[in-house]
Every structure is written in structure tokens, then in C-alpha cells.
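Peer 1: quick one, what's the 3D model for this:
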Amino acid sequence: MLIMPSAVAQTAQPGKSSASQTDRPKYPNYPSETPAELKPATSTFDHERREVMIAMRDGVKLHTVILVPRSATKAKPAPILLTRTPYSADELTTHAQSSHLGPNLFGYDNATDVIVDGGYIRVVQDVRGKYESEGDYVMNRPLHGPLNPTPVDHSTDTYDTIDWLVKNIPECNGRVGILGISYDGFLPLLALVNPHPALKVSVPMNPMVDGWRGDDWFHNGAFRAQNLPYIYEQVATRKNEAKWWSDHFDDYDVYLQAGSAGELGRQHGVEQTGFWRKVLEHPSYDSFWRDQAVDKILAAQPLKIPVMLVDSLWDQEDIYGAMAMYKAIKPKDTANDKVFLVIGPWHHGQEIEDASTLGPLRFGSDTGLYFRQQILRPFLDRYLKDGQEKQVAPVSAFETGTNSWRFYTSWPPTNTSLCEHCAAKATPLYLQAGGKLGFNAPQSAAAKSEDAKPAQPYLSPLQSPSPSAKAAPDGMGYTEYVSDPAKPVPFRSRPIRPVGYDVDKGYTWAFWLVDDQREASGRPDVAVFTSDVLTSPIKISGQPVANLVASTSGTDSDWVVKVIDLYPDEVAEQPQMGGYQLMVSADIFRGRYRESLETPKPITANTPLLYRFELPTANHVFLPGHRIMVQIQSSWFPLYDRNPQTFVPNIFWAKPGDYRKATQRIFHSSAEGEASFIELPVVESQKP
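Peer 2: Alright, predicted model coming up:
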């Protein structure tokens with residue numbers, strides 16, 4: 001037992017004075033050496049830092065950091081670039097302790113060279129309820145309405161902030177642009193709802209748009225289990241001081257041993273946070289999710305402000321949002337001068353960093369630098385400065401495979417004067433017997449005579465199917481595997497580390513979408529279909545669509561479909577890419593939502609059913625010598641929670657006995673309605 005020093009002292013009796021109370025020693029005055037108020041010496045700095053608390057219309061004050069370059073004066077005013085964030089305005093503006101603006105900004109959510117070289121006034125603000133701002137925090141705070149009874153939201157807070165900035169920063173030219181990545185990219189979208197007159201441009205990069213359909217929380221109903229730590233740390237405290245704990249090195253073990261995602265959350269106390277309770281209560285696509293989907297909200301709003309949406313082809317977090325937003329608001333852009341799109345070969349947010357490589361991929365140039373200097377800065381300058389008329393293309397898209405920038409008038413591309421012969425055509429790529437893949441539909445023996453025409457004529461660079469790829473005998477027009485929830489398919493090679501960006505600590509989360517898929521292709525619970533070697537290039541531009549005809553012996557199932565570029569067996573200039581299996585587009589669909597995203601239903605066991613769902617956008621060329629591969633599996637763990645394969649009302653609370661093996665069949669027969677295929681957006685020809 002530890003005995004505290006006070007325990008050995010004589011206790012003074014009530015009403016009596018002890019010697020320690022009456023004869024306390026007198027010490028000389030020895031004042032603190034810390035000044036009552038420190039005034040930093042910043043006369044040699046190339047910028048001035050101001051920190052203010054800006055009052056919103058309800059009286060809540062939001063902490064705001066303002067960085068004014070010395071070049072901005074009343075005689076030479078500058079525009080403002082605003083970012084609103086839940087990730088600490090102080091941290092985003094002090095990445096280094098320097099007298100120079102650049103080092104202070106260089107890091108998360110600052111396109112540093114654009115800001116510094118462009119002479120912009122940089123403003124970063126803590127959203128209400130986070131870090132130094134007052135008020136209550138609500139994850140992705142919805143707009144005022146059924147989900148938010150208060151009169152304030154991110155739209156009103158942005159309006160009030162801009163109003164204060166243009167009235168109280170004398171060096172400002174009266175024009176404001178708002179930009180940000182991820183959560184900070186979600187906020188520039190809400191700024192478009194009743195925008196302030198001084199707001200001239202918005203740049204949402206990799207934005208969160210619809211958390212259920214395909215961004216942070218779910219993908220087509222499957223819960224992104226590895227985001228549980230983010231929910232806990234983001235909501236539990238104002239300054240993200242509470243940290244998720246783990247008892248295994250490998251996240252695969254953590255999530256498997258817990259059982260369901262709901263149980264793992266309970267073990268960590270996450271139910272104390274309001275947002276997690278909402279997630280548990282709304283596992284389906286009900287009004288809670290639909291009413292706060294930003295693409296649906298902005299589709300009903302007037303289009304007043306030029307918007308540049310930035311999408312990453314290998315965005316491991318918000319691969320859905322930018323493209324969903326583009327499809328929602330582009331039809332309103334009748335003059336083709338309000339909605340712009342950039343598609344880059346990046347992970348989440350990589351466009352503000354060096355982007356000459358991504359994992360093992362080499363692009364031959366710094367694609368991030370090109371974006372910032374040739375696309376982003378001219379776009380901002382045009383709307384925020386006088387005399388800047390350089391225009392950028394409505395769509396700037398990096399083409400992987402050939403590693404070239406392409407420019408279009410719209411997306412998916414169509415044949416125009418800007419780019420002839422660029423139209424993408426939906427073309428079925430069929431799963432075939434014997435693990436084959438080709439553009440010819442499965443045919444019966446009678447249809448294979450010399451006179452028979454292909455069911456889906458297409459001039460393909462794929463070699464003709466070999467004799468071994470004939471239709472299987474009756475009753476065998478499918479590929480079968482057993483999905484065992486006790487041994488789910490890992491989404492990447494184990495050990496699987498937590499979500500994180502510190503590569504030195506082994507956190508390579510940013511690169512998982514470009515991981516080699518050959519380990520999965522060797523598992524017995526993954527169905528693999530491969531084309532013959534390509535004899536000429538195949539380009540796809542747009543979203544592949546899975547048309548999967550499948551059955552399960554269970555009453556619920558997940559379906560993961562991956563479109564893969566299979567590299568040649570040897571690659572001379574990069575040996576480690578020999579036989580590499582690169583995911584070009586992939587996603588998951590939870591089978592219970594086949595008929596309705598809002599109302600889950602059990603799957604009829606052992607019955608072929610069609611599962612049709614979109615995969616993420618691709619802009620890729622499969623080169624000669626490569627092959628196209630499709631992998632299909634029923635788990636992607638622990639990125640997504642396991643489907644018990646037994647229908648239960650809420651998978652978050654599935655019990656151990658609910659998790660059962662199931663026999664899965666992928667159909668590819670000539671029988672009506674039993675041909676599975678991937679609809680590829682094939683560009684049949686394109687001039688260099």
C-alpha cells in the first residue's frame with residue numbers, strides 16, 4: 001500500500017490550532033519569470049497571424065485563424081481562401097514553427113504553393129463544437145430541417161464567417177473562395193446553399209457526400225468497420241483527446257474476435273457518442289441518410305457559384321462523393337461554365353502532395369504539381385483576381401495506363417471538337433466457363449455453329465476463346481465457392497494495420513486500393529475470371545457496372561466485384577510489377593438491399609438473382625500484353641463488417657450463431673437471365 005506523506009502527520013483537532021497552521025514559514029517574494037501576456041516578435045515574418053472569435057447569428061463564436069501575407073495591403077488587396085475544418089485550425093496553420101508562410105502551411109489541407117505563390121489570404125476556421133470553437137458538435141451537421149431543429153448549420157456559419165471576413169480584413173479585395181479535402185471538402189459544398197455574395201468559387205476535393213451509398217460509413221449497405229476508431233476519436237471529445245485502443249497488432253484479429261461491429265463498439269464504449277447511436281439505429285438507406293445526402297440537396301438548389309470537383313481514382317475513403325456530386329449538378333450547368341471536374345491518379349488528398357507515384361505505380365511526372373499549377377491556380381485566379389482570364393477545361397482527367405492528361409467537355413467523355421472519338425460505350429464483358437472472360441456472351445452448343453452470330457457483336461482486341469472455354473454441361477453453368485464468415489477474405493495482406501498515414505509506423509492505409517490482388521486470387525473462396533492476352537489497348541472512361549447473377553445457400557450475402565489490370569508475367573523496367581494484379585475499380589454490395597435500399601429483405605436461398613450496382617469511376621487503358629481480370633468474393637474484411645449470411649434484422653447485433661457458411665454460385669450460362677457480366681465504359685478509339 002502506498003502511504004501518502006500527509007498520512008504520517010498529526011491531524012489537527014477541530015477548534016484547535018496546530019503548529020503547522022500558526023507557525024508557517026515566510027518565504028521571500030520570488031516572482032514568476034513568465035510574462036502575464038506574451039507578445040510574439042514577428043516583425044521579420046513574411047505574414048501576419050491573427051486569431052479571432054467570429055460570432056455566428058446565434059451568438060456562438062467560432063475560432064478563426066487568419067494569415068495575411070505582407071504583400072497584401074490596402075493598396076494591393078488580396079482574395080481570401082477559406083477552409084472550415086473539424087481537425088484544428090491551429091494545427092492546419094502551424095505544421096512548422098517558421099517565419100515563412102509556406103512551411104507553416106505545408107501539410108494537410110493546404111495547397112501550399114497555390115496559396116503562397118498566389119498571394120492569397122489564408123483563413124482556417126474550427127467548425128462549431130471542435131477544438132477552440134464554441135457550440136455543439138454534430139458529425140456532418142445536417143442543414144436546418146427535420147434532422148437539425150436549430151436555425152444554424154454549416155451553410156449559415158459559412159455565410160456569417162464570410163460576412164465578417166470581408167468587413168474586417170482591410171487587406172481583402174472582397175472576394176472569397178472556399179476549398180478543402182474530405183470532411184473539409186464536404187463543407188465547401190454546403191457553402192453553396194444560399195451562398196454569400198462575396199463567395200466567388202468553391203473547390204470540394206474528395207468530399208464526403210453520401211455516407212451510406214459510398215463514402216465513409218457504408219458502401220451499398222456494408223458497414224466500413226475500420227472507421228469505428230475515427231467515429232470514436234472524432235466525436236468523443238472536443239479536441240480528439242480520447243484515443244481508440246487495441247489489444248492486437250493485426251486488425252483482422254481485433255474485428256474477428258469481437259464478432260459484430262456493434263459488439264466491438266460496445267466493448268470500446270463508442271455508444272456514448274451520439275453519432276454512433278444514430279448509425280446503429282439506421283443501418284439502411286432511410287430518410288436519415290437520404291435527407292443529408294449532399295448531392296440530393298444541391299440538385300434542388302440554384303447553381304450560382306462556379307464549382308471544381310476533385311476526384312481521386314484510388315481514393316480509399318471518399319471515392320463516391322465527387323462523382324455523385326458531378327452527376328447531380330452538371331445537368332444544371334447549361335452553359336458549361338459553372339461545374340468543373342478533375343480526375344487524378346491519387347489516394348485521398350494526394351493532389352496537394354508529390355503525386356508522381358502511388359504505391360508501386362509510376363506516373364512519369366508529378367501529377368499533383370500539374371493539378372495545382374496548371375488547373376487549380378488558374379481556376380482560382382480567374383474568379384478571385386482581376387485580369388486573370390486563363391480558362392481550364394470543363395473536365396481534366398488523368399488517364400492511367402498511358403499516364404497522360406486528357407481534357408473533355410463533359411464526363412463520361414463524348415465526341416466533341418475538344419476530343420474527337422472519345423465517346424464511351426457501355427460494353428458487356430462476360431464471365432465465362434473455365435474462369436474465362438470475354439466480350440462474347442455465353443452461347444449454347446447450337447449457337448456455336450459457324451453461321452451463328454455472336455450474341456453481343458464487338459470488335460475486340462481479345463483473342464478468340466480457346467476450345468476449352470466451351471459452355472459447361474447443363475446444370476454446371478456456374479462457378480462455385482464456399483464463403484465462411486469464420487475465415488473472411490482479407491481486404492489486404494495480413495497483418496492488417498489500423499487506418500493511419502504514418503508510413504514509418506507501418507500505416508499504409510493510403511495505398512490499399514493499389515495493393516497486389518494475387519493473394520486473393522489464390523484463395524478457394526474467390527472466383528476469378530481472366531481474359532486472354534490483349535493484342536491492342538482497351539480504354540475505359542466512366543463507371544463499370546456489375547451485372548452479377550448469383551445464388552447463395554444462405555439468406556443474406558455480400559458481393560464484392562473487382563475489375564483488375566493483370567500485368568504481363570515480366571515487366572523489364574519494373575520487375576516487381578511482373579504478374580501484378582492492380583485493382584482499377586472495385587466495390588461491395590450487401591445482398592439484402594437487392595430490391596430496396598431502405599427495406600432489407602432475406603434472399604431466396606439457392607436461387608439465381610441479379611445484383612446490379614455501379615463500381616467507382618475509372619479512366620484507364622489496359623495495354624497490349626496485359627489481361628483483364630475480374631474477382632468476385634463475399635467478404636472484404638475487416639474494412640467491411642462480416643455478413644452473417646443468415647438474414648437478421650440488424651447486422652450490427654448479429655450473434656455468433658448467426659454466422660454460417662454459404663455456398664455461393666456465380667452464373668455464366670447461356671440460359672436466359674443467367675449470364676453475368678461487367679458493363680465496361682469502353683472508348684472504342686481515340687486519337688493520340
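Peer 1: now residue 116: which helix or strand?
Peer 2: Under the assignment given by DSSP states H and E, the secondary-structure element containing residue 116 is helix 112-117.
Peer 1: now the element after that helix, going C-ward?
Peer 2: Sequence-wise, the next helix or strand beyond helix 112-117 is strand 121-126, with elements assigned using DSSP H and E.
Peer 1: what's that next one packed up against?
Peer 2: Under the contact criterion of 3 or more C-beta pairs under 8 Å, 6 or more residues apart in numbering; DSSP states H and E, strand 121-126 touches strand 61-69, strand 78-85, helix 89-92. Any C-beta I mention is one placed from the backbone N, CA and C, and that applies to glycine too.
Peer 1: state which helix of this protein is the longest.
Peer 2: Taking DSSP state H as the assignment, the helix of the chain that covers the most residues is helix 154-168.
Peer 1: angle of the next helix-or-strand element following that one against strand 78-85?
Peer 2: For helix 154-168, the succeeding helix or strand toward the C-terminus, using DSSP H and E, is strand 172-181. Between strand 172-181 and strand 78-85, the angle comes out at 30 degrees (axes from the mean of the first three to the mean of the last three C-alpha atoms, to 10 degrees).
Peer 1: for strand 172-181, name the packing helices and strands.
Peer 2: With contacts defined as 3+ C-beta pairs under 8 Å, 6+ apart, strand 172-181 has these neighbours: strand 78-85, helix 154-168, helix 183-190, strand 199-205, helix 377-384.
Peer 1: quick one: buried residues of that strand?
Peer 2: Residues of strand 172-181 classed as buried by neighbour count (16 or more other C-beta atoms under 10 Å): 172-173, 175-181.
Peer 1: just stretch 602-620 next, same as before
Peer 2: Neighbour-count burial for stretch 602-620 flags 603, 608-609, 611, 613-620 (criterion: 16+ other C-beta under 10 Å).
Peer 1: may I ask which two of these are separated the most?
Peer 2: Pairwise distances across the buried residues of stretch 602-620 (C-beta to C-beta) peak at 34.1 Å, for the pair 603 and 619.
Peer 1: in JSON lines: the helices and strands packed on strand 172-181, plus mean pLDDT and distance to residue 363.
Peer 2: What follows is the helices and strands packed on strand 172-181, written out as JSON lines (pLDDT from 0 to 100; distance: least, C-beta to C-beta, whole Å):
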{"stretch": "strand 78-85", "mean pLDDT": "98", "distance to residue 363": "27"}
{"stretch": "helix 154-168", "mean pLDDT": "98", "distance to residue 363": "35"}
{"stretch": "helix 183-190", "mean pLDDT": "98", "distance to residue 363": "23"}
{"stretch": "strand 199-205", "mean pLDDT": "98", "distance to residue 363": "18"}
{"stretch": "helix 377-384", "mean pLDDT": "97", "distance to residue 363": "20"}
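Peer 1: run through the stretch 451-600 of the chain and note the low-pLDDT ranges.
Peer 2: Low-confidence segments of the stretch 451-600 of the chain, defined by pLDDT under 70, span residues 451-475.
Peer 1: for it, which segments count as strands?
Peer 2: With strands called from DSSP state E, counting those that start in this stretch, the stretch 451-600 of the chain shows them at 478-483, 527-530, 538-542, 545-552, 558-566, 581-590.
Peer 1: by mean pLDDT, flag the weakest helix or strand of the protein.
Peer 2: Within the chain, judged by mean pLDDT, DSSP states H and E, the helix or strand with the poorest mean is helix 19-22; its value is a mean of 58.
Peer 1: partners of the helix or strand following that helix, with directions?
Peer 2: Past helix 19-22, further along toward the C-terminus, the next helix or strand under DSSP H and E is strand 47-55. According to DSSP bridges, the neighbouring strands of strand 47-55, each with its direction, are strand 61-69 (antiparallel).
Peer 1: quick check: buried residues in the partner strand?
Peer 2: Along strand 61-69, these residues count as buried under the neighbour rule (16+ other C-beta under 10 Å): 62-69.
Peer 1: swap in stretch 403-416?
Peer 2: Of the residues in stretch 403-416, 405-406, 408-413 count as buried by neighbour count, 16+ other C-beta under 10 Å.
Peer 1: got the contact list for stretch 367-385?
Peer 2: Taking contacts as C-beta atoms under 8 Å, 6 or more residues apart in numbering, the residues outside stretch 367-385 that touch it are 79, 81, 111, 113-114, 117-118, 120, 173, 175-177, 200-201, 203, 306, 308, 310, 340, 342, 344-346, 350-356, 388-392, 396, 398, 405.
Peer 1: rewinding a little: how many degrees apart are the longest helix of the chain and strand 61-69 in direction?
Peer 2: Relative orientation of helix 154-168 and strand 61-69, computed by the same axes, to 10 degrees: 50 degrees.
Peer 1: turn the helices and strands packed on strand 121-126 into TSV, columns for distance to residue 663.
Peer 2: Putting the helices and strands packed on strand 121-126 into TSV (distance: least, C-beta to C-beta, whole Å) gives the following:
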stretch	distance to residue 663
strand 61-69	56
strand 78-85	48
helix 89-92	51
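Peer 1: those: which one's closest to residue 192?
Peer 2: Between residue 192 and those, the shortest gap by C-beta to C-beta is with strand 78-85, which sits at 13.3 Å.
Peer 1: and the closest one, what does it pack against?
Peer 2: With contacts defined as 3+ C-beta pairs under 8 Å, 6+ apart, the secondary structure elements packing on strand 78-85 are strand 121-126, helix 154-168, strand 172-181, helix 183-190, helix 377-384.
Peer 1: dump those to TSV, plus distance to residue 234.
Peer 2: Below are the helices and strands packed on strand 78-85 laid out as TSV (distance: least, C-beta to C-beta, whole Å):
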stretch	distance to residue 234
strand 121-126	13
helix 154-168	16
strand 172-181	15
helix 183-190	9
helix 377-384	29
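Peer 1: which parts of the longest helix of the chain are buried?
Peer 2: Going by 16+ other C-beta under 10 Å, helix 154-168 has these buried residues: 154-166.
Peer 1: which one of those residues is nearest to residue 27?
Peer 2: Ranking the buried residues of helix 154-168 by separation from residue 27, with C-beta to C-beta as the measure, puts residue 164 on top at 48.8 Å.
Peer 1: so how far is residue 78 from the closest one?
Peer 2: As defined by C-beta to C-beta, to the nearest Å, residue 164 lies at a distance of 17 Å from residue 78.
Peer 1: just residue 645 next, same as before
Peer 2: For residue 645, the distance to residue 78 under the criterion C-beta to C-beta works out to 59 Å.
Peer 1: ok, back up a step: chain center to the longest helix of the chain, what's the gap?
Peer 2: Its chain's C-alpha centre lies 28 Å from the corresponding centre of helix 154-168 when counted by C-alpha atoms, centre = their mean, to the nearest Å.
Peer 1: angle of that helix against strand 199-205?
Peer 2: Put simply, helix 154-168 runs at 130 degrees to strand 199-205, going by the same axes, to 10 degrees.
Peer 1: which elements pack onto helix 154-168?
Peer 2: Applying 3+ C-beta pairs under 8 Å, 6+ apart, one finds that helix 154-168 makes contact with strand 47-55, strand 61-69, strand 78-85, strand 172-181, helix 183-190.
Peer 1: dump those into JSON lines; add distance to residue 212 as well.
Peer 2: Listed next are those as JSON lines, based on distance: least, C-beta to C-beta, whole Å:
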{"stretch": "strand 47-55", "distance to residue 212": "33"}
{"stretch": "strand 61-69", "distance to residue 212": "28"}
{"stretch": "strand 78-85", "distance to residue 212": "23"}
{"stretch": "strand 172-181", "distance to residue 212": "21"}
{"stretch": "helix 183-190", "distance to residue 212": "14"}
